[in-house]
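Asker: Need a 3D model of the sequence below.
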Amino acid sequence: MPVRPMVMGILNVTPDSFSDGGRFVDHGVAVAHGLRLVAEGADIVDVGGESTRPGADPVDAATERARVVPIVRALAPHVRVSVDTAKASVAESAMEAGATLINDVSASLYAVAANGGIGWIAMHMRGEPRTMQDRPTYIDVVGEVADHLVACAGSATAAGVREVWIDPGIGFGKTSRHNWQLLAGLDELCDRGFPVAVGTSRKRFLGSSAAAADGTDHEPPTDDRLEGSVATAVYAARCGVAMVRVHDVAATVAALSVAEHAQPLTTRVGIKDRETNRWQ
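Answerer: Now for the predicted structure:
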């Protein structure tokens, strides 16, 4: 297995995020949760002040800054902090407060990162959160997403950003089928020359798959999708992804540690006889 990927812990200081919206709007509660993520093994804490769930309405920059900046400032002495935003002014304020990475769902803020000398993640999204799930279509989702991200990353590199990541944007303008195709194509994305970050944690396509596996139409709620979240994080790590973005840091870190010590099945020598079920 490749070297264990970094784990980015999610901290949404919003009232309406798809999984934990409203839980961490209080400053003290948010900071405490951020420090808990660090204690559980997070390498980075990603602070977001605007929900990007499907159908979410945008918030103004002043509101987003008020949510994000105090949390970034409080956590920055203890852990590397990224800011999850698509607004240049919010990214700049968070950077001044101590953020050293921009997690950019718009894949457009590389100039801010270049000017501040910090890292930048280009994430793929078709449209905007309010419209991205309106019948998204692709001819070759893996190739189209990879080509778009590599072009964005090339622009960032040319602008002077030294730390550039790419993220296929699982769930952002994609159907469940597209999401699974992107996961199956992670090897191709990882071969494009930039470190890859992936976020599958608690997303709806995992709930749909769990319902199908159970033979029911009942999708587990967002906070009951741990197995799928951890399984896809480990799978992404096996494909060479350099960072996974997760809600459940402790479980993910533990699973990645176990997987890191597992011997790949391909090390077994011989051929298995189908009739005797024995290795020869």
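Asker: Could you double-check that Val79 sits in contact with Ile44?
Answerer: Yes: between Val79 and Ile44 there is a contact at 7.0 Å, judged by C-beta atoms under 8 Å. Using the backbone N, CA and C atoms, a C-beta is placed for each residue, glycine as well.
Asker: Who has more neighbours out of the two?
Answerer: Between Val79 and Ile44, counting by other C-beta atoms under 10 Å, Ile44 is the more crowded of the two (21 against 17).
Asker: partners of that one in the sheet?
Answerer: Met8, Arg80 (DSSP bridges).
Asker: how about low-confidence regions in the stretch 1-150 of the chain?
Answerer: 1-3, 16-22, 24, 53-56, 127-134 (pLDDT under 70).
Asker: One more pass at 80, please.
Answerer: 1-3, 15-25, 51-58, 126-137 (pLDDT under 80).
Asker: And the stretch 151-280 of the chain, by the same measure?
Answerer: Low-confidence segments of the stretch 151-280 of the chain, defined by pLDDT under 80: 203-225, 261-280.
Asker: Just the helices from it, written as ranges.
Answerer: 176-184, 186-190, 204-214, 226-238, 249-261 (DSSP state H, counting those that start in this stretch).
Asker: Kindly report the same for the stretch 1-150 of the chain.
Answerer: 27-39, 61-75, 88-97, 110-116, 141-159.
Asker: mind putting the ones you listed in a markdown table, mean neighbour count included?
Answerer: A markdown table is the format used below for the helices of the stretch 1-150 of the chain (neighbours: other C-beta atoms under 10 Å):
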| stretch | mean neighbour count |
| --- | --- |
| helix 27-39 | 17 |
| helix 61-75 | 20 |
| helix 88-97 | 21 |
| helix 110-116 | 19 |
| helix 141-159 | 18 |
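Asker: Nearest to Val249, out of those helices?
Answerer: Nearest of the helices of the stretch 1-150 of the chain to Val249, taken as C-beta to C-beta: helix 27-39 at 5.0 Å.
Asker: tell me the angle the closest one makes with helix 61-75.
Answerer: With axes from the mean of the first three to the mean of the last three C-alpha atoms, to 10 degrees applied, the angle from helix 27-39 to helix 61-75 works out at 50 degrees.
Asker: Now do helix 27-39: distance to the chain's middle.
Answerer: 19 Å (C-alpha atoms, centre = their mean, to the nearest Å).
Asker: Could you list the alpha-carbon positions for that helix in CSV?
Answerer: Taking Å, rounded to 0.1, in the frame of the first residue of the first chain, the C-alpha atoms of helix 27-39 are listed here in CSV:
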residue,chain,number,x,y,z
HIS,A,27,-17.4,29.3,18.7
GLY,A,28,-16.4,27.3,21.8
VAL,A,29,-18.1,24.1,20.5
ALA,A,30,-16.4,24.5,17.1
VAL,A,31,-12.9,25.1,18.5
ALA,A,32,-13.4,22.1,20.9
HIS,A,33,-14.4,19.9,18.0
GLY,A,34,-11.5,21.0,15.9
LEU,A,35,-9.1,20.2,18.7
ARG,A,36,-10.8,16.8,19.1
LEU,A,37,-10.2,16.1,15.4
VAL,A,38,-6.5,16.9,16.0
ALA,A,39,-6.4,14.5,19.0
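Asker: same for that helix, what does it pack against?
Answerer: Using 3 or more C-beta pairs under 8 Å, 6 or more residues apart in numbering; DSSP states H and E, the elements in contact with helix 27-39 are strand 6-12, strand 44-48, helix 61-75.
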